[in-house]
Every structure is written in structure tokens, then in C-alpha cells.
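Trainee: here's my sequence, what's the structure:
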Amino acid sequence: MKRQLFGLLLLIAAHGYAQAQSDVYLCVDDTGKKEYKNTGITKGCKKVDLPGITMIPAPALPKKAAAATQTAAAKPASGGPADFPRVDGGTQKARDNDRKQILLDEMKSEEQKLANLKKDYNNGEPERRGDERNYAKYQERVAAMKEDIERTEKNIDALKREIGNLK
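Mentor: Got it, this is the predicted structure:
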């Protein structure tokens, strides 16, 4: 039985080899550019002898795995596996409410952070600190403050979108 199977696999591989095999030509143009083609009718082309292509088919799936694959394909995508834990509606609603409260708390803290950043930023003219004798350091701090404000505003927008998606 194993010999017959091996012979069949060898026959399949040989059939694929015969179909995939074709002539390959290396063509060199006047500038020295090399190009591989499957036709050699142009000037400067020489046929290249390539070693044969070895094709090995994938091993067959065990019967249990094949059966599992077929039954998984037959199930609807929304159903999920049979042993997947289910959550009742009340528990899911409580989880959703908790999530919404967490998002609201996070948005409140981000809004407070934004208010503090804008206060410190002072419309692009924050007070200079004693360690900023160099004007370039002051400008770097102002630019960093502006980036922090923009990032916090984006976080607030993202949180608003998330809260809007919960409804």
C-alpha cells in the first residue's frame, strides 16, 4: 500500500514538473543589462540549462483533523465553537455599563489634563523658567507643550468616539 501511495505521489510530482518546465533564455543587451526571458528570438540570447524543479505535495491531514476542519467549515461564522463560554444579557449589560463608566472617568481626567496644559501653555507664551537661559530650550519646551495639548485633544476625541459607539 505504501509503495502504491509513493508511486502515485511520484507520478503527481512528475506531472507537475512536466507542466512547469519551460525553456529559459539569458539575454544581454548592448549596455550589458541581463534579462531572463522565456523566448530567445532576440539577438544576444542564450538558452540556460536549469536543474529540474522538485515538487513535494503536502502530507494528507489525519482523519480526525480533516473531520474537524469539515465540521468547523459547516458551522456559521457567528456561532463560534460549541465549547465557547456564553454570557447572558444581564452580565453583558453590566460589563458594558462598567466600560462606559471607565471611559467617562478617563475622559474626565483627560479634560482636566487638557485644561491644565492650556493654562500652562498660556496661548503659546508660557513663563520662562530659570533653567531656560537659552531661548532654544524655551522654544523646545513650548513645542513639547503644544504637542502634549494636541495629543490630549486627540485622546479626548477618541474617547468620545468610543463612548458614542457604545450607545
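
Trainee: just for the protein, where's the confidence low?
Mentor: When residues are selected by pLDDT under 70, those of the chain lie in 1-21, 40, 64-80, 167.

Trainee: what's opposite V48 in the beta bridge?
Mentor: Listed beta-bridge partners, V48: V24 (assigned using DSSP bridges).

Trainee: I'd say it and L26 touch.
Mentor: Yes. Counting by C-beta atoms under 8 Å, V48 does reach L26; the two are 5.1 Å apart. Glycine gets a C-beta too; all of them are placed from N, C-alpha and C.

Trainee: neighbour count for these two, which is higher?
Mentor: L26 (14 against 11; other C-beta atoms under 10 Å).

Trainee: my guess is that one is in a strand, correct?
Mentor: Yes. Checked against DSSP: H, G, I helix; E, B strand; the rest coil, L26 lies within a strand.

Trainee: how far away is it from K33?
Mentor: Using C-beta to C-beta, to the nearest Å, we find L26 at a distance of 11 Å from K33.

Trainee: now L114
Mentor: Taking C-beta to C-beta as the measure, L114 falls 60 Å from K33.

Trainee: in stretch 25-37, what's buried?
Mentor: Buried residues in stretch 25-37, counted by 16 or more other C-beta atoms under 10 Å: Y25, C27.

Trainee: and that stretch, how far out from the chain middle?
Mentor: 38 Å (C-alpha atoms, centre = their mean, to the nearest Å).

Trainee: what's the end-to-end length of that stretch?
Mentor: One end of stretch 25-37 to the other measures 5 Å (C-alpha to C-alpha, to the nearest Å).

Trainee: residues touching it, excluding its own?
Mentor: V24, N38, T39, G40, T42, G44, C45, K46, K47, V48 (C-beta atoms under 8 Å, 6 or more residues apart in numbering).

Trainee: correct me, but the first one touches L50?
Mentor: In other words, V24. Yes. Using C-beta under 8 Å, V24 is in contact with L50, at 5.9 Å.
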